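Enquirer: one predicted model, sequence on top.
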Amino acid sequence: MRWIPLLLLIAVLASCSSEKPETREQKMNRGFEYLDQQNYDQAIAYFQKLLKEDGHPQVRMALASAYAARAGIRIENIYNFVVVKHRPVMRIQIENLNFSEQTNEVIHNLEKFLAQWEQVPDVNSQGRTDLEKAVGILAETDNGGARLYSAILRVVVLKANVGEGIVSWNLQTQSTGQKLCVQDIRPWWSWCEKVINSLDSLGNDLEKAFPKKGEELKQYRAQLSQAKVQMKNVTIPVGEQCF
């Protein structure tokens, strides 16, 4: 009789050892349950922990989708955005213009990009912060699907940043009787440079997502590079010069 408890223990251990380990998909489904419940903070915390254990691109996309969901962007709807098929041409010509005209020309080109993004949803400042975190997570992989997701999220952020900046610029330039001085324009110039760099990062995402379209995308990035060179060569006036 004394062997019965021991045999029962052996049987229990044997049954435990025969259980299959939990798959990545099963682990991820737990986090997706939090998302379905709109428990975004818990989903983010769960996927952050899972990513430390498993750096697979699918886990990265899951964590990025949790940040995106908290920003109001759901992954099941995002691929309906027609945002990566059309890339407006960036051909600025700012030579022989004064600093105010140069800045206005760059912003005018950014407006052309904005016009292509009417179907892209709007996000608030906190949403932008979450999407920027998502893009940073996806940047750690060269997986095509992850970089396509990154490109689309980046467009959402860019639309918000560019739209807000252009509205503010137009309000400033249209102020009745107000001259624009160098100290007023300089921050806008820095903002333009950051946006152009973000567009270049978007091009990099698309190259990773669509390697077969590499040549076409390189041309797009070459246009941006030319714009960046022109902007870099601009000499920002010193003093209190106004226009």
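Expert: Done, it's in. Residues are numbered from 1 along each chain as shown.
Enquirer: show me the residue at the heart of this structure, geometrically.
Expert: Arg154 (2.5 Å; C-alpha atoms, centre = their mean).
Enquirer: pretty sure that residue contacts Gly203?
Expert: No - when contacts are counted by C-beta atoms under 8 Å, Arg154 is not listed as touching Gly203 (10.1 Å). Glycine gets a C-beta too; all of them are placed from N, C-alpha and C.
Enquirer: re the thing from before, spit out the contact partners of the residue nearest to the centre of the chain.
Expert: Leu131, Val135, Ser198, Ser201, Leu202, Asp205 (C-beta atoms under 8 Å, 6 or more residues apart in numbering).
Enquirer: cutoff 10 Å now
Expert: By C-beta atoms under 10 Å, 6 or more residues apart in numbering, Arg154 lies in contact with 83-84, 131-132, 134-135, 138-139, 147, 198-199, 201-202, 204-206.
Enquirer: make sure it is indeed in a helix.
Expert: Yes - under DSSP: H, G, I helix; E, B strand; the rest coil, Arg154 falls within a helix.
Enquirer: from the contacts of Arg154, pick the one nearest Gln42.
Expert: Distance to Gln42 across the contacts of Arg154 (C-beta to C-beta) is lowest for Ala134, with 16.8 Å.
Enquirer: how much space between the closest one and Gly214?
Expert: As defined by C-beta to C-beta, to the nearest Å, Ala134 lies at a distance of 25 Å from Gly214.
Enquirer: which positions within the helix or strand harbouring Leu131 qualify as buried?
Expert: Taking DSSP states H and E as the criterion, Leu131 maps to helix 125-138. Under the neighbour-count criterion of 16 or more other C-beta atoms under 10 Å, helix 125-138 has Gly127, Arg128, Asp130, Leu131, Glu132, Lys133, Ala134, Val135, Ile137, Leu138 buried.
Enquirer: and if you look at stretch 21-29?
Expert: Under 16+ other C-beta under 10 Å, the buried positions of stretch 21-29 are Lys27, Met28.
Enquirer: CA atoms of that stretch as CSV?
Expert: The C-alpha trace of stretch 21-29 is given here as CSV (Å, rounded to 0.1, in the frame of the first residue of the first chain):
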residue,chain,number,x,y,z
PRO,A,21,4.9,23.8,-24.3
GLU,A,22,2.7,26.9,-24.9
THR,A,23,3.2,28.2,-28.4
ARG,A,24,4.0,31.8,-29.4
GLU,A,25,0.5,32.2,-30.8
GLN,A,26,-1.1,31.0,-27.6
LYS,A,27,0.9,33.4,-25.6
MET,A,28,0.1,36.3,-27.9
ASN,A,29,-3.6,35.5,-27.8
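Enquirer: list the contacts of Gly72.
Expert: Contacts of Gly72 by C-beta under 10 Å, 6+ apart are Tyr40, Pro121, Asp122, Val123, Asn124, Gln126, Gly127, Asp130, Leu131, Val156.
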